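Q: Curious how this folds, go ahead:
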Amino acid sequence: MSELTGQDLTCIRGERPVFARLNFAWTAGTACQLTGPNGAGKSSLLRVLAGLIQPAAGSLSWHGTPIDEDREAHRARVSYCGHQEALKSALTVREGLQFWADLGGLPNRVDAALEGFELTGLADTPARILSSGQKRRVALARLIVESRPIWLLDEPTVGLDKASQERLEHLIAAHRAEGGIVAAATHVPIALPDAKNLDMADFAPGRLRGQAA
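A: Model prediction:
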């Protein structure tokens, strides 16, 4: 069974402690919503989970094996959708998704990704002329072509209309049903039935309760 665990994780950014002694254990099908005020460390935690930054202390493990033993393998099991859409302006929507699919995803899932976020009509449109909402939909469509077990979503609903948010919610539900793990930081309510909640304020230095989520 898939399991992502964090033990006594501590993060320091620019010499400022952001969070400390954070513990969690997420198994297959888990969704966890990260909450807390701006600056509480939601984005920093997602970047730690993605293997993009090293925790100052503590450990992160997959199936009981520390990710430090093979960080490249860990990055290959993670889809990280941050504040930036990571789109090349000169590439069309289809070309951009094909790039990510060829890099380590499923090349034959590009059409499904286009359909999943109603991007088929924009497939030949260069990314540079897309609206902010359209760019966000393309970024989220990467989840379909990459097909990785861990999804890390940082404010994924920014720029989405109601219909697009519902598509995202259905996609997350399907991913969880297949045993995937999702961690999402969002200030906008998003349907995550039976989700865990990780309030980052609980792990602020000097205000620690040390709960496991």
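Q: how about the strands in this protein?
A: Assigned strands in the chain, in chain order: 3-13, 16-27, 31-35, 57-62, 65-66, 78-81, 150-154, 181-185, 196-199, 203-204, 207-208 (criterion: DSSP state E).
Q: can you give me the mean pLDDT across the fifth one?
A: Translated: strand 65-66. Mean pLDDT, strand 65-66: 94.
Q: contact partners of that strand?
A: 59-60 (CB atoms under 8 Å, 6 or more residues apart in numbering). The C-beta positions use only the backbone N, C-alpha and C, and glycine is treated the same way.
Q: cool, and the first one?
A: Taking CB under 8 Å, 6+ apart as the criterion, the residues outside strand 3-13 that touch it are 17-28, 41, 44-45, 48-49, 53, 55-64, 150, 181.
Q: Which PyMOL command selects the buried ones in those?
A: Only the buried entries of the contacts of strand 3-13 go into this PyMOL selection, using 16 or more other CB atoms under 10 Å:
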select buried, resi 18+19+20+21+22+23+24+26+41+44+45+48+49+55+58+60+61+62+150+181
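Q: Turn the strands of the chain into TSV, columns for distance to Arg136.
A: Output for those, formatted as TSV (distance: least, CB to CB, whole Å):
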stretch	distance to Arg136
strand 3-13	25
strand 16-27	25
strand 31-35	19
strand 57-62	27
strand 65-66	33
strand 78-81	9
strand 150-154	11
strand 181-185	14
strand 196-199	23
strand 203-204	29
strand 207-208	33
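Q: Bridging across strands, which residues link to the residue nearest the centre of the chain?
A: Centroid-nearest residue in the chain, with CA atoms, centre = their mean: Leu152, separated by 1.4 Å. Listed beta-bridge partners, Leu152: Tyr80, Ala183 (assigned using DSSP bridges).
Q: so it sits right up against Ser44, yeah?
A: No: between Leu152 and Ser44 there is no contact under CB atoms under 8 Å: 11.8 Å.
Q: rewinding a little: in terms of mean pLDDT, which of the strands of the chain ranks lowest?
A: strand 207-208 - the lowest mean pLDDT of the strands of the chain, at a mean of 53.
Q: Which residue ranges of this structure form helices?
A: 42-49, 71-75, 93-104, 110-116, 132-146, 162-177 (DSSP state H).
Q: Ok, which of those helices comes nearest Ala185?
A: helix 42-49 (3.8 Å; CB to CB).
Q: Quick one: residues in contact with the closest one.
A: Identification of contacts with helix 42-49 by CB under 8 Å, 6+ apart yields 4, 6, 9, 11, 13, 18-19, 22, 34-36, 53-55, 60, 78, 80, 82-83, 150, 152-154, 183, 185, 198, 200.
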